[in-house]
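Kindly return the folded structure for what I paste below:
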Amino acid sequence: MSSDRPDQHAWVIVAMTTAGGGLAGACQGWLAIAACLYLVGGAVVTWVDLDVHRVPDRVLAAWVPVLFGSLVLAAVTTGDRMILGGAAMGAVALGGLFLVLALVGSMGLGDVTLAAVTGLPLGAMGRSFLTTAVFACFAAAAVAGVWLLIRGISRRAHLAFGPAIVVGGAAAVIRFGLR
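From the prediction side, this is the model:
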């Protein structure tokens with residue numbers, strides 16, 4: 001399902017990178033770095049998933065250590081070890097939820113991995129941000145599904161769910177920046 005134009009989804013990278021930079025300036029503290037890195041990496045994953053309906057493992061393999069390193073930096077500089085505990089719990093919670101959804105539905109394991117990665121910075125921010133991400137994720141997927149139906153796409157067509165996960169994470173990051 002590759003697109004004819006490789007730059008078809010380039011607007012996603014521009015929009016999310018801009019949002020990440022803006023949030024880094026708006027958010028207080030060291031978690032702003034993790035939030036920015038999440039949005040930039042999420043933009044790349046979204047672009048690829050929209051294009052080929054697959055969450056790229058190579059991008060995740062490069063993104064996770066950088067994201068985790070920013071959380072370690074936040075924990076060390078603030079002296080708050082709970083940042084890492086929250087990150088681990090967030091990754092397990094979102095990854096576990098999406099694993100159950102993958103086992104009972106048609107979600108792919110790349111989406112499960114992306115959900116676990118999304119749980120890292122959001123868990124460090126707090127449990128309420130995980131909840132925000134989950135609700136926003138499914139709301140974004142519902143809007144995308146309705147939009148596809150309006151465009152005449154078959155109900156059996158595949159919906160790339162990675163972008164919805166990233167949009168949910170972005171909504172939680174925005175909420176974090178506004179608190």
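
What is the host helix or strand of Ala102 packed up against?
Per DSSP states H and E: Ala102 is located in helix 82-104. Other helices and strands packing on helix 82-104, by 3 or more C-beta pairs under 8 Å, 6 or more residues apart in numbering; DSSP states H and E, are helix 57-78, helix 109-125, helix 127-150. Quick note: C-beta positions are derived from backbone N, CA and C, even for glycine.

redo that, cut-off 10 Å
Contact here means 3 or more C-beta pairs under 10 Å, 6 or more residues apart in numbering; DSSP states H and E; on that basis helix 82-104 packs against helix 31-52, helix 57-78, helix 109-125, helix 127-150, helix 162-178.

So which of these is the most surrounded?
Ranked by mean neighbour count, the helices and strands packed on helix 82-104 are led by helix 109-125 with a mean of 26 (mean count of other C-beta atoms under 10 Å).

For the protein, which residues score under the pLDDT cut-off?
For the chain, the stretches with pLDDT under 70 are 1-28.

Tell me the residue in it that is farthest from the middle.
Most distant from the centre of the chain: Gly152, at 27.6 Å, with distances by C-alpha atoms, centre = their mean.

which SS class is Ile153?
The local conformation at Ile153, judged by DSSP: H, G, I helix; E, B strand; the rest coil, is coil.

That one: how many residues sit nearby?
13 (other C-beta atoms under 10 Å).

ok, now which ones touch it?
145, 147, 159 (C-beta atoms under 10 Å, 6 or more residues apart in numbering).

Same question for Ala116.
60, 64, 90-99, 123.
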